[in-house]
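S.K.: please work out how this folds:
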Amino acid sequence: MAKLIKSIALATTLSVGLSGCFTADPNSDDEKLVMGTMLGAVLGGVLGYQTGGSYPLIMASLGFMAGGAGGYMVAEELTKYDRVAMKDIAYKSLTKAEIGETMTWANNQSGNGGSITPVRSYTDGNGRLCREFEISLKVTQNTKQGKDIACQTARGDWVII
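M.R.: Predicted structure coming up:
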C-alpha cells in the first residue's frame, strides 16, 4: 500500500511539473506532442518506481525519461485525422457496438489504425453505464494493445475511469 501511495505521489509530482508545458491551443500539434510526452513520462516514471527494487528513484527517473521519449514518438506519428478517427470510433464503439463487436479505423496515408471492442457492460454505483473494452493501436508498424473501462456521463460523453 505504501508503494502505491508513493507511486501516486510521484505521478502527481511529475504531472504537475510538466503541466506548465501546455500550449494555448488544445488542438495544436505542439499540444499533441506535449500530451504524449507527459503521459509517457508519467507512466514510465510510475512503472520504473514500482519495478525499481532496491533503487526505485533511479528506476523512476530512467522510466520517466524513456516513457517521455516513447510518448513523444507515438504522439508525433498520429496525424490530426488519426486522432479524430480514433475518437470517433471510440465514441461509436462505446455507445452503439454490441459486446464482442469490433469497430476499426484506419488512415491509409499514414498507415496508422486501430480497433475498439467492448467486452462487458455494467451500471456502476453512481448509476452510470460503464463499458470495459479492449483497444488496439497501430502506429508506424508498432501495435500496442490494452484494456480499459469507460463510463458515460450525463451529457453522453465517455470518461476513462
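S.K.: sheet partners, orientation included, of the helix or strand containing residue 132?
M.R.: Per DSSP states H and E, residue 132 falls inside strand 129-139. For strand 129-139, the pairing partners within the sheet under DSSP bridges are strand 113-123 (antiparallel), strand 142-152 (antiparallel).
S.K.: for these, which one sits closest to residue 105?
M.R.: Closest to residue 105 of those is strand 113-123 (CB to CB; 5.9 Å). Every residue, glycine included, has its C-beta placed from N, CA and C.
S.K.: on that earlier part again, in a markdown table: the strands paired with strand 129-139, plus mean neighbour count.
M.R.: Shown next, in a markdown table, are the strands paired with strand 129-139 (neighbours: other CB atoms under 10 Å):
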| stretch | mean neighbour count |
| --- | --- |
| strand 113-123 | 17 |
| strand 142-152 | 13 |
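S.K.: lowest-confidence stretch among those?
M.R.: For these, mean pLDDT drops lowest on strand 142-152, to a mean of 87.
S.K.: which strands or helices does the next helix or strand after that strand pack on?
M.R.: Downstream of strand 142-152, the first helix or strand assigned by DSSP H and E is strand 158-160. Counting contacts by 3 or more CB pairs under 8 Å, 6 or more residues apart in numbering; DSSP states H and E, strand 158-160 packs against helix 80-96, strand 142-152.
S.K.: outside of the last one itself, list whatever touches it.
M.R.: With contact meaning CB atoms under 8 Å, 6 or more residues apart in numbering, strand 142-152 is reached by 94-95, 119, 124, 126, 128-138, 158-161.
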